[in-house]
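build me a model from this:
(one chain, ligands or ions: 2)
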Amino acid sequence: MDYILDTEIKFLPGVGPKRAELLQKELNIRTFGDLLHHFPFRYIDKTRIYAIREISEDMPDVLLKGKITGFREVSAKQKRLIAMFSDGTGSIELVWFKGIPYFKKILHAGNTYTIFGKPTSFNGRLNIVHPELDDMVKEEGKITSSIQAVYGSTERLKDIGLGTRDISRLQSTLLGMALPRMEETLPSYLIEANQFISLREAMLNVHFPQSLDLLKKAQDRLKFEELFYIELSILRTRTRRVKANNGFLFSQVGENFNHFFHHSLPFGLTDAQKRVIREIRADTRSGRQMNRLLQGDVGSGKTIVALMCMLIAADNGYQSCMMAPTEILATQHFKSITEMLRGMGVNVALLTGSTRKPARRELLEKLRQGEIHILIGTHALVEDAVQFERLGFVVIDEQHRFGVAQRGKLWEKSEHPPHILVMTATPIPRTLAMTLYGDLDVSVINELPPGRKPVKTVHYFDSKRSHVFGFMREQIAAGRQVYVVYPLIGESEKMDYKNLQDGWEMITQVFPAPQYKVCMVHGKLKNDEKEAAMQEFVRGEAHIMVATSVIEVGVNVPNASVMVIESAERFGLAQLHQLRGRVGRGAEQSFCILMSGVKLSDYSRSRISKMCSTNDGFEIAEADLKLRGPGDLEGTLQSGMAFSLHIANLGTDSKILEYARQVAEQVLQADPLLSDAKNALLLKILHKLKNSSKDYSVVS
Ligand code: ADP
Ligand code: MG
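Residues are numbered from 1 along each chain as shown. Ligands and ions are numbered 1, 2, ... in the order given. You can find the predicted model right below:
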């Protein structure tokens with residue numbers, strides 16, 4: 001017989017085919033089990049009785065106990081029933097607009113009632129409109145609790161009678177049917193060792209908490225379980241990958257690397273850079289395939305690390321490629337790498353969407369012949385026509401800009417998977433990174449090259465613009481260059497381009513030619529125009545670059561010391577931090593000026609003040625995670641996860657996540673194949689979870 005939780009939701013009493021269809025559409029609830037995993041997003045605590053004296057209109061729903069002392073007369077036209085309610089500490093009014101005859105009949109002056117509702121203020125008095133009455137809270141024979149769950153719903157669902165209370169009623173029905181037959185999902189030895197409550201108890205208490213303590217226990221267990229299975233799945237995939245994929249063996253460090261190291265390297269490496277190169281070196285000569293994430297704040301020098309590893313690949317007869325998210329960045333990498341490798345016999349080529357056909361054909365041919373050692377490019381690299389002779393090492397720069405599927409395609413380019421290094425300046429906690437990006441190993445460059453001064457960040461309202469212009473003038477007079485960045489956001493693209501144009505006009509008026517030279521870069525320019533403008537700025541001919549956030553990634557002009565960000569309130573924290581990373585690359589003191597309107601939401605205010613208070617990328621990433629939750633962390637991250645989350649929150653449950661990973665590691669260490677009888681359940685659940693989701697973890 002089918003397991004009860006796999007039953008289609010339409011068969012639950014109170015649902016039926018029509019509601020079932022909408023439940024699936026709106027909330028992705030298809031089965032009994034899906035409904036059970038539609039967890040409340042908050043709870044209303046009815047375990048505490050408040051005194052009327054304590055309450056105020058800004059409080060959420062409260063529970064009160066007192067007497068109805070009488071009814072206030074209102075004219076028949078007004079159609080409402082008002083009862084005076086008092087508990088000895090104060091009094092308020094209870095108001096009904098509907099069902100007046102019914103409430104007139106059941107409510108009696110002098111009787112005691114327990115009521116529940118949200119205090120509001122009307123004509124200077126506190127009242128509660130349509131309070132719940134105690135005897136209505138309990139429905140005969142149904143599971144209820146004094147801590148009430150609140151469920152996510154949608155307008156369309158509410159329209160057909162599936163608001164939060166209706167969902168709660170369905171949960172009650174469902175639990176009544178399913179609880180006795182619900183099978184445990186964690187092996188008993190894990191339950192015992194961790195003193196978890198049982199699945200049944202947890203499910204009951206997460207939907208209908210019998211006490212705050214049991215609610216906490218239920219949440220702890222369910223969150224652990226969710227994260228534990230993700231970690232278990234990731235760790236198993238990793239073990240199998242390590243076994244199945246023999247990595248290319250880079251057995252030697254040869255002429256290319258050594259020549260570069262001794263003669264071409266323009267500076268000494270930081271200790272962190274050396275450590276990371278050693279970590280990569282150890283991977284590539286281990287016989288295993290490397291799958292490594294390199295985290296390092298903007299400007300920490302990831303590129304040189306990648307380059308030196310590509311030289312080791314070349315030393316061992318392998319080709320490398322490096323994929324960057326924008327054409328500007330790919331071109332810049334190509335130029336700086338070509339420059340650094342000048343005079344060495346390493347062939348570097350550039351392939352982007354705008355590489356012309358004849359040149360492209362020649363390039364692809366050389367690539368197939370193995371004559372090109374390092375290929376740099378944009379996502380044009382993943383196209384099928386791009387075939388290598390011996391691709392051994394893949395670098396993906398600013399990886400958060402790429403979708404999981406795109407990365408996977410590169411991986412498939414050779415029969416044998418090459419070593420993969422993904423680089424990101426979005427520093428997220430280690431365990432979280434491993435969870436989001438699948439089974440990557442993580443390296444961190446936690447040190448900036450010497451001599452960098454921390455960027456000073458300040459916030460100005462738009463009204464202070466002339467002051468900012470004055471400051472720009474001073475900096476330019478001192479020989480520095482300035483970026484002025486405007487937001488460009490999908491939905492409001494037209495408006496944004498207009499703002500950019502207006503801004504450009506204003507700046508060219510305030511900073512007129514021929515004394516000043518201002519250039520502009522944005523996505524609508526033709527490539528050669530974009531390139532010409534970029535070059536003007538890179539060569540130091542232009543004093544000011546007006547741009548959209550296209551320059552967010554990677555661009556490197558050490559002489560630029562001021563970053564002005566217009567409408568800073570519209571940027572996310574990660575983006576602001578990236579933009580700021582464009583300055584502070586030279587020896588001079590650099591500045592980041594955040595401009596905004598006066599009206600700011602709390603969320604925008606916290607982002608801006610975070611930026612002003614720290615330069616630390618990790619701190620910013622953590623604040624970012626807390627402020628908005630990892631759900632939309634750079635959009636594509638969640639799609640990199642093995643299974644979706646229902647109850648755990650990667651932003652706030654990091655302790656549970658760490659612990660779950662540790663337990664998963666222990667389990668696999670003791671029983672790598674999960675072949676012990678006591679682990680049979682783990683295998684079964686993993687299979688089930690896999691079948692119900694797309695598993696990308698192998699291609700991260
Ligand atoms: P990111 O990690 O943001 O990609 P880059 O690789 O672009 O940073 O490096 C930023 C700048 O720092 C580049 O100009 C690079 O040449 C320089 N750089 C990298 N490593 C060092 C170092 N060890 N000492 C001095 N400068 C360095
Ligand atoms: Mg970079």
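
any idea how many residues pack against the closest residue to ligand 1 within the stretch 451-600 of the chain?
Nearest residue of the stretch 451-600 of the chain to ligand 1, counting by CB to the nearest ligand atom: N556, 5.0 Å away. The way it works is simple: take the backbone N, C-alpha and C, and place the C-beta from them, glycine included. By other CB atoms under 10 Å, the residues close to N556 number 15.

could you look up the SS state of it?
What DSSP: H, G, I helix; E, B strand; the rest coil gives for N556 is coil.

likewise for V95?
Of the three states, V95 takes strand according to three-state DSSP.

dump the residue contacts of the spatially closest residue to it that is not a sequence neighbour.
Spatial nearest neighbour of V95, chain neighbours left out: V129 (4.8 Å); criterion: CB to CB, 6 or more residues apart in numbering. For V129, the contacting residues are V95, W96, F97, G117, K118, T120, by CB atoms under 8 Å, 6 or more residues apart in numbering.

quick one: residues contacting the first one.
The reference is to V95. Going by CB under 8 Å, 6+ apart, the list of residues near V95 reads R80, L81, I82, F122, N127, I128, V129, H130.

please redo it, this time with the cut-off set to 6 Å
For V95, the contact set (CB atoms under 6 Å, 6 or more residues apart in numbering) comprises I82, N127, V129.

pLDDT and secondary structure added to those, as CSV?
What follows is the contacts of V95, written out as CSV (pLDDT from 0 to 100; DSSP: H, G, I helix; E, B strand; the rest coil):
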residue, pLDDT, secondary structure
I82, 92, strand
N127, 91, strand
V129, 90, strand
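
the residue of the stretch 401-550 of the chain found nearest ligand 1: neighbour count?
For the stretch 401-550 of the chain, the residue closest to ligand 1 is P449, as judged by CB to the nearest ligand atom, at 3.3 Å. P449 has 17 neighbours, counted by other CB under 10 Å.

roughly how far apart are it and R480?
Counting by CB to CB, to the nearest Å, the gap from P449 to R480 is 19 Å.

what's the pLDDT at the closest residue to ligand 1 within the stretch 201-350 of the chain?
Closest contact between the stretch 201-350 of the chain and ligand 1, by CB to the nearest ligand atom, is at G301 (2.8 Å). You'll see G301 listed with a pLDDT of 92.

which residues are in contact with it?
Residues in contact with G301 (CB under 6 Å, 6+ apart) are Q273, P449.

now the strands for the stretch 351-500 of the chain?
Along the stretch 351-500 of the chain, counting by DSSP state E, counting those that start in this stretch, strands occupy 374-377, 391-396, 419-424, 441-445, 456-461, 481-486.

what about stretch 517-536, how long is it end to end?
9 Å (CA to CA, to the nearest Å).

do stretch 485-492 as well
Taking CA to CA as the measure, stretch 485-492 stretches 16 Å from start to finish.

what does it rub up against?
D496, N499, L500, G503, A547, T548, S549, I565, E566, S567, R570, L579.

can you redo those residues as TSV with distance to ligand 1 and neighbour count?
Listed next are these as TSV, based on distance: CB to the nearest ligand atom, whole Å; neighbours: other CB atoms under 10 Å:
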residue	distance to ligand 1	neighbour count
D496	26	20
N499	28	17
L500	25	22
G503	26	18
A547	18	28
T548	20	21
S549	16	20
I565	18	27
E566	23	20
S567	24	19
R570	23	17
L579	12	25
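
widest-spaced pair of the residues you listed?
The span of these, defined through CB to CB, is set by N499 and L579 at 16.3 Å.

circling back: show the model's pLDDT score for the residue of the stretch 451-600 of the chain closest to ligand 1.
We have a pLDDT of 77 for N556.

which ones are touching the closest residue to L600 other than its chain neighbours?
With sequence-adjacent residues excluded and distances taken as CB to CB, 6+ apart, L600 is closest to E569, at 5.6 Å. Under the criterion of CB under 6 Å, 6+ apart, the contact list for E569 reads S596, L600, S604.

for the strand ranked longest in the chain, which helices and strands make contact with it?
Secondary structure assigned by DSSP state E gives strand 62-72 as the longest strand of the chain. Helices and strands touching strand 62-72, by 3 or more CB pairs under 6 Å, 6 or more residues apart in numbering; DSSP states H and E, are strand 49-50, strand 81-86, strand 112-117.

in JSON lines, list these along with distance to I445 and mean neighbour count.
Output for the helices and strands packed on strand 62-72, formatted as JSON lines (distance: least, CB to CB, whole Å; neighbours: other CB atoms under 10 Å):
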{"stretch": "strand 49-50", "distance to I445": "54", "mean neighbour count": "14"}
{"stretch": "strand 81-86", "distance to I445": "64", "mean neighbour count": "19"}
{"stretch": "strand 112-117", "distance to I445": "55", "mean neighbour count": "18"}
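
where does the stretch 51-200 of the chain get nearest to ligand 1, which residue?
At 39.1 Å from ligand 1, G152 is the closest residue in the stretch 51-200 of the chain, using CB to the nearest ligand atom.

now that residue: closest residue in space, sequence neighbours ignored.
Counting by CB to CB, 6+ apart, F41 is the residue found nearest to G152 once chain neighbours are left out, at 5.4 Å.

next one: that neighbour from N649, what distance?
Relative to N649, F41 is positioned 10 Å away (CB to CB).

was I right to think R72 contacts I82?
Yes. Here R72 lies in contact with I82, judged by CB atoms under 6 Å, at a distance of 4.2 Å.

rewinding a little: wait, the residue of the stretch 51-200 of the chain closest to ligand 1 touches F39, no?
No. Between G152 and F39 there is no contact under CB under 6 Å: 9.0 Å.

which one of those two has more residues nearby?
Between G152 and F39, counted using other CB under 10 Å, F39 has the larger neighbour count: 18 against 14.

what residues does that one make contact with?
By CB under 6 Å, 6+ apart, the residues touching F39 are V206, H646, I647.

three-state assignment of it?
F39 - assigned by three-state DSSP - is coil.

name the nearest residue to it, sequence neighbours excluded.
Nearest non-adjacent residue to F39 (CB to CB, 6+ apart): I647, at 4.9 Å.

please apply the same query to L375.
Leaving aside its chain neighbours, L375 sits nearest to C321 (4.3 Å; criterion: CB to CB, 6+ apart).

is whichever strand or helix holds that neighbour anywhere near ligand 1?
Using DSSP states H and E, C321 sits in strand 319-323. No. Contact between strand 319-323 and ligand 1 is absent, the nearest approach being 11.4 Å (criterion: CB under 6 Å from any ligand atom).

tilt between that strand and strand 419-424?
Put simply, strand 319-323 runs at 20 degrees to strand 419-424, going by axes from the mean of the first three to the mean of the last three CA atoms, to 10 degrees.

what residues sit buried inside strand 319-323?
Q319, S320, C321, M322, M323 (16 or more other CB atoms under 10 Å).

pick the one among the residues you listed closest to E541.
Looking across the buried residues of strand 319-323 and measuring by CB to CB, the closest to E541 is M322, at 28.5 Å.

contacts only, for that closest one.
When contacts are counted by CB under 6 Å, 6+ apart, M322 touches I376, V395.

skip the chain neighbours and tell me the closest residue to Y659.
F224 is the one closest to Y659 (CB to CB, 6+ apart), at 7.1 Å.
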